[in-house]
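Colleague: let me see the structure of the following:
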Amino acid sequence: MQTKLRTDKVADAITPLVTRVANDEELRAHAKTALDSAKTIYSRIQSEGARGAAGRKDVQDEMVKAATELKNTAQRLSAKPRARGHKLRKLVVGAALAAAAVVGIKRLISHDDDEFDYQP
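Modeller: Below is the predicted model of the structure:
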């Protein structure tokens with residue numbers, strides 16, 4: 001019974017957003033572009049591996065494009081200039097920070113400067 005109440009609340013919260021996306025062409029275009037960029041990034045990671053994809057400039061550009069489109073979508077969705085929760089904005093910022101952290105960590109891992117020469 002508790003689960004049904006939660007799913008009803010989620011459905012009630014999502015329905016107006018889905019309706020706005022369905023009716024607003026510009027909003028739908030931003031969401032579609034962000035989804036296409038995310039698919040491109042995912043396919044590159046699947047084909048080249050995380051390390052290979054993280055170092056590529058075109059993958060980084062797609063990440064920026066996806067984040068920008070999500071930001072535009074969030075701004076378009078918010079009816080008021082100052083939304084209460086900023087959940088989508090926090091998600092976008094969190095995804096961008098996570099992507100930047102992954103790129104930074106991958107660069108640190110791939111940097112092979114040993115201080116010692118190992119001789120057998």
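Colleague: right, and M63 touches A96 too?
Modeller: Yes. M63 lies in contact with A96 (C-beta atoms under 8 Å); the separation is 7.4 Å. Heads up, the C-betas are built off the backbone N, CA and C, glycines and all.
Colleague: got phi/psi on the residue nearest the centre of the chain?
Modeller: When the chain is reduced to its mean C-alpha position, the closest residue under C-alpha atoms, centre = their mean turns out to be A95, at 4.5 Å. Phi and psi for A95, reported as degrees, to the nearest 10, are phi -70, psi -40.
Colleague: list the contacts of the residue nearest to it when sequence neighbours are not counted.
Modeller: Spatial nearest neighbour of A95, excluding adjacent residues (C-beta to C-beta, 6 or more residues apart in numbering): A67 at 6.6 Å. For A67, the set of contacting residues under the criterion of C-beta atoms under 8 Å, 6 or more residues apart in numbering consists of V92, A95, A96, A99.
Colleague: between M63 and A96, tell me which one has more neighbours.
Modeller: Comparing M63 with A96 by neighbour count (other C-beta atoms under 10 Å), the higher total belongs to M63, at 23 against 17.
Colleague: quick one: which helix or strand includes the closest residue to D58 other than its chain neighbours?
Modeller: Beyond its immediate neighbours in the sequence, the residue positioned closest to D58 (C-beta to C-beta, 6+ apart) is R44, lying 7.9 Å away. When elements are assigned from DSSP states H and E, R44 belongs to helix 25-54.
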